[in-house]
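Student: What follows is a predicted protein model with its sequence.
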Amino acid sequence: MTHAITRRLFALSALALAAAGAQAQQWPTKPLRIVVPYPPGGSSDIIARAISQPLGEALKTTVIIENKPGANGNTGTDSVAKSNDGHTLLLCDVGALAITASVYNRLPFNPSKDLKGVTMLAYSPHLLVVHPSVQAGNLKELVALSQKQKMDFAVTAIGSAPHVAGVAIEKATGAKWEYIPYKGGSQAINDTVAGQAHVLMNGMLATLPFVQSGQLKVLGVSKATRVALLPNVPTIAEQGVKGFESGTWQGVLMPANTPPAVLNKVSAELTRIIRTPEVRQRLSGQGAEVHTMTPAEFTTFFERERANWAKVVAQGGVKIE
């Protein structure tokens, strides 16, 4: 009797695996939506547009990019977390997503429970930049200047990774910033270029072109080591903020109810696409490094990031009702 039951359980398991495999092979059955929870022009948007066409070609479907900003990225993220169509992806700054649980007292979704990681795509360090009119050539001079005059610090949003990183620098150096929140990186960049803000911290992918054109002046990079595209720019850690490192991690997530076979299928395709010479070179030319992960590795990374940022948020006292 026991052997019969065991054989039946094995048979049922085999059928379930076969069904899951068939489901993944048949998926997608309609166009895919990639939701970017920020306005056009930011780092996540740039990467979404780099991968959308090859992803559609690989999966033989149409891929639509939907910019859905609002509530510091939470509006678009919540829409994906609650999506039940099985064909909606979220492409966002994973670091910012990891911070939300620490800076918000209430969220309409649980980042760890309502979303599943598909793969990481790219990392770019933050650049600390200023409007060219700011009379500072390094972080020490900027800190001294901020103690003498009002200094507006543009951030992609209150509670975003660049904001929390700015708070960490402020606490470590004695700088005095007045944070000006925007609805995304592109708007924060544009206002700093226009001289409406003095200082900006933002992902290198979106910010580097403005440094190269002379519209912004870079004072530091938030990586542990200097970057090849800006070899003469010292790291923030080199300039006295010991151990400082931050950056923008772009990754793709899907709703928690997505079948594992589908997650693995999308992960494999995106990993292949982001590693192609054409896409890799396109991103590396703007300072983004390709980083891919399996869904399991993504989960481990996300929980580690959430724990690390929780400490920074607590030290900085950043909180949003």
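Tutor: Received, thanks.
Student: and residue 297, which of the three is it?
Tutor: Classification of residue 297 using DSSP: H, G, I helix; E, B strand; the rest coil returns helix.
Student: how far away is it from residue 120?
Tutor: Using CB to CB, to the nearest Å, one obtains 8 Å as the distance from residue 297 to residue 120. To be clear about C-beta, it is placed using only N, CA and C from the backbone, and glycine gets the same treatment.
Student: Between the two, point out the one with more neighbours.
Tutor: When residue 297 and residue 120 are compared for neighbours, residue 120 comes out ahead with 24 against 14, by other CB atoms under 10 Å.
Student: helix or strand right after the helix or strand of the chain with the lowest mean pLDDT?
Tutor: Across the helices and strands of the chain, mean confidence by mean pLDDT, DSSP states H and E is lowest for helix 2-26: a mean of 57. Scanning forward in sequence from helix 2-26 by DSSP states H and E, the next helix or strand is strand 32-36.
Student: What strands line up against that following strand, and which way round?
Tutor: Strand 32-36 has the following strand partners under DSSP bridges: strand 63-67 (parallel), strand 88-93 (parallel).
Student: packing partners for the helix or strand following it?
Tutor: Using DSSP H and E, the helix or strand that directly follows strand 32-36 along the chain is helix 43-59. Based on contacts counted as 3 or more CB pairs under 8 Å, 6 or more residues apart in numbering; DSSP states H and E, the elements that helix 43-59 packs against are strand 32-36, strand 63-67, strand 88-93, strand 115-130, helix 204-212, strand 247-255, helix 260-274, helix 277-284.
Student: List the buried residues of helix 43-59.
Tutor: For helix 43-59, burial by neighbour count (16 or more other CB atoms under 10 Å) applies to 43-48, 50-52, 54-56, 58-59.
Student: Please list all residues in contact with residue 111.
Tutor: Residues near residue 111 by CB atoms under 8 Å, 6 or more residues apart in numbering: 77, 97, 98, 100, 101, 302, 306.
Student: Give me the residues contacting the strand or helix carrying the fourth one.
Tutor: Element membership of residue 100 [criterion: DSSP H and E] is helix 94-103. Helix 94-103 has contacts (CB under 8 Å, 6+ apart) with 72-74, 77, 107, 110-112, 115, 120, 156-161, 164, 246-251, 253, 301-302, 305-306, 309-310, 313-314, 318-320.
Student: can you rerun that using 7 Å?
Tutor: Residues outside helix 94-103 that contact it (CB atoms under 7 Å, 6 or more residues apart in numbering): 73-74, 77, 107, 111, 120, 159-161, 164, 248-251, 302, 305-306, 309-310, 313, 318-320.
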